[in-house]
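> Got a predicted model here, sequence first, then my questions.
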Amino acid sequence: MSFSILYVCTGNICRSPLAERLLTMRLDAALGQRSSVFGVTSAGTHGWDGSEMDPAAASQLSRLGGDPAGFKGRQLTPAYLESADLVLTATRAHRQLVLSELPQALRRTFTMTEFAHLVESAHTGDTPVPADSPAELVAWAASRRGSATLDDYDVADPYGASTRLHHDVADRISACVDQTVAALAGTALSVSR
């Protein structure tokens, strides 16, 4: 049994592959062999099938300790959405596109910032989080949607932009990934049973 996480952005060459590679790397660091219960992938709503990561995004991934080698962009398909247990998008517009493709994915689709904020706020709030499984964590987050608001749910698209914007976007994604890892790490044992 495994738990699959799908990151979604526009071209699948900047934001979503950076998040995919960081989450995979950090789950490995946090969980060792138990991280194999998580399958992490990414795709783009206008994905550049077979493309490598954008060089500026790849540089930021390397700066954060990740490895862009071997990455190939993918076009988002309904099959990818159907098989994902958790869908994390770069923006609300991507989230809306996902839901227009697969409305039944509502309770497992979030922007990456929204999910990170919800699970992070759980550690500081009074409400206990049922962390017996990743699926319970996702259901809990869906039930809390709207209880906490962010100034900005969207991660800007850095494609073709300045090095500074790429740096800021990478740092924002990195922070979201850290919060996601912290929440998922406690659920890994239940998935591997």
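Arrived safely. Numbering: from 1, shown residues only.
> how about the helices in this protein?
In the chain, the segments counted as helices under DSSP state H are 15-31, 55-63, 78-83, 92-101, 112-124, 134-144, 163-185, 188-192.
> Deepest-packed of those helices, please.
helix 15-31 (a mean of 23; mean count of other CB atoms under 10 Å). (C-beta placed from N, C-alpha, C; glycine too.)
> quick revisit: Throw the helices of the chain into CSV and include mean pLDDT and distance to D157, thanks.
Listed next are the helices of the chain as CSV, based on pLDDT from 0 to 100; distance: least, CB to CB, whole Å:
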stretch, mean pLDDT, distance to D157
helix 15-31, 97, 7
helix 55-63, 98, 10
helix 78-83, 96, 20
helix 92-101, 96, 10
helix 112-124, 84, 13
helix 134-144, 92, 24
helix 163-185, 96, 8
helix 188-192, 54, 32
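> Ok, which of these comes nearest W48?
For the helices of the chain, the distance to W48 is smallest for helix 15-31, at 10.5 Å, taking CB to CB.
> how big is the angle separating that closest one from helix 55-63?
Relative orientation of helix 15-31 versus helix 55-63 (axes from the mean of the first three to the mean of the last three CA atoms, to 10 degrees): 10 degrees.
> Brilliant, that's me finished.
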